[in-house]
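> Need a 3D model of the following:
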Amino acid sequence: MRRKLATVALLAAFGLGMIPLESALDARQRAAGLRSAALDLSLRERVGQMGFLAALSGFRSPLAAILWIQAHTAWERTEWGRMAALFDTVTTLQPRSLTYWDMAAWHMAWNASVAALDDKTVQSEALRQRNQHQYFELGRDILERGIRNNPESGFLYERLGILLRDKFEDHCGAARAFARAAELPGVMPYVARFAGYELAKCPGHEREAYEKLRALYLKGENERLPTLLSILEEMENKLAIPDSERVVSPH
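From the prediction side, this is the model:
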């Protein structure tokens, strides 16, 4: 008992000494438009007293790594509710880790959603589909929170675009996410094409999509991939583009 109390006292003393440094870091992040993890009572309830003191004492990263391993174990055991709660704690502790946000969203929107649809203990197919959609929503919520904590990350916008495209069939939303990702540094060139492809499926935006895809075509041979050419030809036919103005020769 004495050893435990001494450990708690040591962590508390170290944590109190870290508060000014943590506060200064938080102020700098907020001034830069970023957000840091909030160490509040809800976090204490999730990680316990010792875990909370460890986080307060500057040990957020190793604590997050330990909880991430526990979340992976929960995934292997298909304990989806526990896994979701652990992911939420991990991302709270390490909101600047893009991998944590990405993998948490993937586990929810892909793995857990498939399990929900295949859950034969639920007799109603409609209920299984509703449960599956709820995991889609959890995945989207995770990515949107990740973006709020990392607004400069094109990677998370790209992952959101993929989720909206593949799970929600929300082509307009996917186009916006891909377009935003393409504006940020560090993303692959294909993201701009994805934005155009999805915009072409967004009702009322056909002309805008055509102009964007045409601009990509005119950038050079590297952009003239089969999918781009196929969509351009389809849109030139749909928009009745004169033969003399087409970039894809009519058959």
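> most centrally placed residue in the chain?
Closest residue to the average C-alpha location of the chain: Leu143 at 2.8 Å, with CA atoms, centre = their mean.
> Could you verify my assumption that that one touches Ile162?
No - here Leu143 lies out of contact with Ile162, judged by CB atoms under 8 Å, at a distance of 9.5 Å. Using the backbone N, CA and C atoms, a C-beta is placed for each residue, glycine as well.
> Identify the contacts common to those two.
Listed as contacting both Leu143 and Ile162 by CB atoms under 8 Å, 6 or more residues apart in numbering is no residue at all.
> Return the list of helices and strands in contact with the helix or strand Leu164 falls within.
Per DSSP states H and E: Leu164 is located in helix 154-166. With contacts taken as 3 or more CB pairs under 8 Å, 6 or more residues apart in numbering; DSSP states H and E, helix 154-166 sits against helix 98-106, helix 125-149, helix 171-183, helix 190-200.
> The ones you listed into CSV, with extra columns for mean pLDDT and distance to Trp68?
Formatted as CSV, the helices and strands packed on helix 154-166 follow (pLDDT from 0 to 100; distance: least, CB to CB, whole Å):
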stretch, mean pLDDT, distance to Trp68
helix 98-106, 96, 7
helix 125-149, 97, 14
helix 171-183, 98, 25
helix 190-200, 97, 27
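> Looking at these, spot the one closest to Ile69.
helix 98-106 (12.3 Å; CB to CB).
> thinking again about what came up before, and the residue nearest to the centre of the chain, what does it touch?
101-102, 105, 156, 159-160, 163.
> Return the member of those residues nearest to Pro185.
Comparing every one of the contacts of Leu143 with Pro185 (CB to CB), the shortest separation belongs to Leu156, at 13.3 Å.
> Return the per-residue confidence for the closest one.
For Leu156, the model assigns a pLDDT of 98.
> quick revisit: tell me how far the residue nearest to the centre of the chain lies from Lys120.
29 Å (CB to CB, to the nearest Å).
> mind listing what Glu234 touches?
With CB under 8 Å, 6+ apart, Glu234 has these contacts: Ala200.
> Please disregard the earlier target; I meant Phe168.
136, 140.
> Tell me the spacing between the residue nearest to the centre of the chain and Ser153.
Applying CB to CB to Leu143 and Ser153 gives a distance of 10 Å.
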